[in-house]
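> predicted model and sequence below, questions to follow.
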Amino acid sequence: MPGEAASARVPCRRVLLAVLLACTSSTATAQNADPYAAARRALIAELNDEARADAGTAARIDRSAIALLARVPRHEYVPASERRNAYENRPLGIGYGQTISQPYIVALMTSLVEPRAGQTLLEIGTGSGYQAAVLAESGAKVHSIEIVAPLAVQAAQRLRRYPNVATRHGDGYYGWKEHAPFDAIVVTAAASSVPPPLLEQLKPGGRMVIPVGSSFFTQTLLLVQKDARGRARTRQILPVRFVPLTGAGESALRER
């Protein structure tokens with residue numbers, strides 16, 4: 001009966017070949033649909049490696065924050081000229097002298113404020129909208145302010161996909177009093193000191209992450225926490241480099 005066994009194997013091989021071809025075609029279709037998928041996976045793998053390396057340190061990043069980044073297509077938040085670099089773990093220029101932060105820093109700042117569904121958050125410095133999108137993925141309500149008018153317009157258009165994000169053009173130094181108090185505040189530009197209006201708008205028990213420093217070369221990322229009685233304590237996290245916070249309030253402080 002060897003002939004019967006041989007003839008039985010032929011259809012099996014054809015079925016297997018058909019399955020392999022279908023899988024290959026499906027993979028190719030997926031890559032064509034999202035040409036950045038492989039680069040995004042590589043970035044997320046790199047961030048997970050960072051999380052393991054920094055475990056137990058002040059600069060640790062949480063896997064929950066990395067999961068939020070994994071859901072946001074960073075290439076849609078950078079200029080077309082930078083899309084080939086969108087998933088490199090470094091900051092990129094977005095025009096008007098501004099940058100989109102390094103993914104590691106976005107993950108770290110997100111980890112530090114611990115966003116959760118149902119919270120109300122404030123972001124100062126919308127930029128391209130990337131950090132706001134990451135925060136929005138947590139399910140929190142995000143209010144974001146951008147002082148550069150063209151960037152504010154562009155970010156508002158990108159963030160329309162998130163019904164839980166509100167943006168406006170304005171001076172972030174003074175916060176957004178109408179929606180205060182906030183469970184958490186993320187500041188993505190370096191201030192000379194923690195702006196008092198932002199501290200006032202932070203809810204007792206809330207957390208603020210902000211780069212502070214008078215020079216581009218002497219900035220420190222700070223975590224500010226309010227206890228239940230409204231008293232603030234500050235913790236230094238790591239040295240950073242951010243574009244400066246601008247606006248009337250910050251300018252007045254720097255001129256003193």
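That came in fine, so what should we check first? Numbering: from 1, shown residues only.
> quick check: residue 120 touching residue 178?
No - here residue 120 lies out of contact with residue 178, judged by Cβ atoms under 8 Å, at a distance of 11.4 Å. Just so you know, the C-beta spots here come from the backbone N, C-alpha and C atoms, and that holds for glycine as well.
> okay, those two: which has more neighbours?
residue 120 (17 against 6; other Cβ atoms under 10 Å).
> look up the closest residue to that one, ignoring the ones flanking it.
Of all residues not flanking residue 120 in the chain, residue 141 sits nearest, at 4.9 Å (Cβ to Cβ, 6 or more residues apart in numbering).
> got it, and residue 199?
Nearest to residue 199 is residue 232, by Cβ to Cβ, 6+ apart, at 6.1 Å.
> burial of residue 247, as a residue count?
What residue 247 shows, counting by other Cβ under 10 Å, is a neighbour count of 18.
> how much space separates it from residue 62?
31 Å (Cβ to Cβ, to the nearest Å).
> cool, residue 194 as well?
24 Å.
> quick check: buried residues in the longest strand along the chain?
Taking DSSP state E as the criterion, the chain has its longest strand at strand 202-212. The neighbour-count check on strand 202-212 (16 or more other Cβ atoms under 10 Å) flags 202, 203, 206, 207, 208, 209, 210, 211, 212 as buried.
> which strands or helices does it pack on?
helix 103-113, strand 182-187, helix 196-201, strand 219-226, strand 232-240 (3 or more Cβ pairs under 8 Å, 6 or more residues apart in numbering; DSSP states H and E).
> dump those into JSON lines; add distance to residue 155, mean pLDDT and mean neighbour count as well.
Shown next, in JSON lines, are the helices and strands packed on strand 202-212 (distance: least, Cβ to Cβ, whole Å; pLDDT from 0 to 100; neighbours: other Cβ atoms under 10 Å):
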{"stretch": "helix 103-113", "distance to residue 155": "15", "mean pLDDT": "98", "mean neighbour count": "25"}
{"stretch": "strand 182-187", "distance to residue 155": "14", "mean pLDDT": "98", "mean neighbour count": "26"}
{"stretch": "helix 196-201", "distance to residue 155": "20", "mean pLDDT": "97", "mean neighbour count": "17"}
{"stretch": "strand 219-226", "distance to residue 155": "22", "mean pLDDT": "97", "mean neighbour count": "19"}
{"stretch": "strand 232-240", "distance to residue 155": "22", "mean pLDDT": "95", "mean neighbour count": "14"}
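> tabulate those (TSV), appending distance to residue 173.
What follows is these, written out as TSV (distance: least, Cβ to Cβ, whole Å):
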stretch	distance to residue 173
helix 103-113	18
strand 182-187	10
helix 196-201	7
strand 219-226	15
strand 232-240	17
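> and of those, who's closest to residue 128?
Closest approach to residue 128 among these (Cβ to Cβ): helix 103-113, 11.2 Å.
> C-terminal to that closest one, what's the next element?
Downstream of helix 103-113, the next assigned helix or strand under DSSP states H and E is strand 120-124.
> on contacts alone, who are the packing partners of that following strand?
Looks like strand 120-124 contacts helix 130-136, strand 141-146, strand 182-187, helix 196-201 (3+ Cβ pairs under 8 Å, 6+ apart).
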